[in-house]
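> Here's a sequence, model it:
(2 chains)
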Amino acid sequence: AEDDWARTYFLEGGAMPACGICHSLDAAEATGTVGPDLDLLEPTEQQVYLALRDGVGVMPAFSEELPEDRLRALADYVARAVQE
Amino acid sequence: MLDELKVKRRHFLVGAAGAAGAAALGDAGVRAARAQEASGLPDYVSWKEPGAFIQHSPQTLETMRGEIGLSPLTPNDLVFVRNNLPSLTEEQVGDPEAWEVNVEGVAQPRPITLAELRTLGPETVACVLQCSGNGRGFFEHETSGSQWLTGAAANVSWTGVPVRTVVEAMGGVDGDKSFMTGTGGEPIPEGLDPLTVIVERSVPLEAQEVALLAWEMNGEPIPLAHGGPVRLVLPGYYGVNNVKHLKRLSFDETQSQADIQRSGYRVRPVGESGAPDQPSMYQMNVKSWVTHPLREAGTGRTQIWGVALGGTEDLDRVEVSTDGGETWEEARFVGPDLGRFAWRPFVLAADLAPGTHRIASRATTASGAAQPRDFEPNHRGYGHNGWDAHAVDVTVQ
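Presented below is the predicted three-dimensional model:
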């Protein structure tokens, strides 16, 4: 269920823009080209978590929109997806 | 760490020609793909020196510490890359001479082309280009973003027209303005509020006194990877303020509402979120680091060298320690003084006995500002200039 939520959030977002607008991720069939291609970058769970929590460069922080457990769930989903 | 970025075949193809299959690649595309394969660098920077970079991501390339030598300027193919958005392509730019910058907040606002900028009086300035997060990897707390050590910095000669000349040609700044804002020309994808990702930075108005609209980098047209055809250059200011692919230059009463200005690049204690009332990453601080030797040295006489910058000030001196900061000796500057915004290579001859030596450098500016031993942590890991963290342990056999 967490993965379903994460995949949906990745593609559709909430008040914040969807991850997939900017990032490519094969597992989510996302093809954004603004930020790094996650399949190429292969970030760790912690790297994704920190990027979501604090932002990176123009990537905004998602910590005001998502509670800690959702940040972790999304980071976990992405980190596992890029290893597949 | 992402030191060795995997380059997958799929990305050669998509990256090289925007096509989904090899059959769609023309000769040029195939050559580009091979060049990338050979250098391991992404297409848009395949002209850079292979093997000279740590790739944190396709958009963030760190110059390896030992690649910086005693030349006062950093050759373009060694200059680090930190792109917040993908670089524009030649197709997106079109004719560079027809590239327009919209100048607003002046008495006679209008677009001005690169061709017309060339008709105004040019100037050249040498200055350090440095990412706000250079040295982030030296902090002990966990930070998001590239874990840069020393290599998100370069010393570059820029040629262009001073902003004050452009402003004068347009009748001066219109009314009471506090900020100068530069906006990048990268396209923003549909479905995104532009303020979320647009590269738009406001700096205090006085920055216009030193700013350039530049079209040349170290004697060549500014490569697209570095923000050509026209880049806003702000000597003494951290890299993010030097807006690439400049499409708009505006004089304003208030700062940009873009996230990169409002909450990004803000210095705050560890654990706090970014907010407009925190200091923005504007002017650089005094800093230096050794670039040779880094790990090993022979017995006998060794030339220790590195680079030092005063931020916005002239340097007074650089000292080098070979015993972890117990004792210091003044180093000698090498080469010409390119002004207060440039860095200066330095050298110190030392006779190192067998054993391990902790080599550090410490720069001091004309007004007496010196690098601290330690640098207080901040949430995003900006501005580290502590000399101890930048020291290297060199073994002499």
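
> where does the stretch 251-397 of chain B come near chain A, residue by residue?
B:Asp259, B:Ile260, B:Ser263, B:Gly264, B:Ser273, B:Gly274, B:His379, B:Arg380 (CB under 8 Å from any CB of the partner chain). Any C-beta I mention is one placed from the backbone N, CA and C, and that applies to glycine too.

> can we see that at 6 Å?
B:Asp259, B:Ile260 (CB under 6 Å from any CB of the partner chain).

> Could you tell me the single residue of chain B that sits nearest to chain A?
Distance from chain A to each residue of chain B (CB to the nearest CB) is smallest for B:Ser144, at 3.7 Å.

> Could you measure from that residue over to B:Trp343?
27 Å (CB to CB, to the nearest Å).

> Also B:Tyr382?
Counting by CB to CB, the gap from B:Tyr382 to B:Trp343 is 19 Å.

> Looking at these two, which has the bigger crowd around it?
B:Trp343 (26 against 23; other CB atoms under 10 Å in any protein chain shown).

> Beta-bridge partners for the nearest residue to the more buried one once chain neighbours are set aside, please?
Among residues not flanking B:Trp343 along the chain, B:Leu309 sits closest, at 4.0 Å (CB to CB, 6 or more residues apart in numbering or on different chains). Taking DSSP bridges as the rule, B:Leu309 bridges to B:Lys287, B:Trp343.

> Is it correct that B:Leu309 is in contact with B:Val128?
Yes: with contact defined as CB atoms under 6 Å, B:Leu309 counts as touching B:Val128 (4.8 Å).

> so what sits against both of those two?
B:Trp343 (CB atoms under 6 Å, 6 or more residues apart in numbering or on different chains).

> more crowded one of these two?
For B:Leu309 versus B:Val128, neighbours defined as other CB under 10 Å are more numerous around B:Leu309 (27 against 24).

> what about B:Gln257, how many residues close to it?
12.

> I meant to write B:Leu73 there.
Using other CB under 10 Å, B:Leu73 is surrounded by 19 other residues.

> same deal with B:Leu224?
B:Leu224, neighbours per other CB under 10 Å, totals 20.

> What does the pLDDT read for B:Tyr237?
pLDDT recorded at B:Tyr237 is 98.

> which residues sit in contact with it?
Per CB under 6 Å, 6+ apart, neighbours of B:Tyr237: B:Tyr282, B:Gln283.

> which residues does it bridge with?
Beta-bridge partners for B:Tyr237, by DSSP bridges, are B:Gln283.

> For chain B, what's the nearest residue on chain A?
A:Leu50 (3.7 Å).

> Return the residues in contact with the closest residue in space to that residue that isn't next to it in sequence.
In this structure, A:Leu50 finds its nearest non-sequential neighbour in B:Ser144, 3.7 Å apart by CB to CB, 6+ apart. For B:Ser144, the contact set (CB under 6 Å, 6+ apart) comprises A:Leu50, A:Ala51, A:Asp54, A:Val56.
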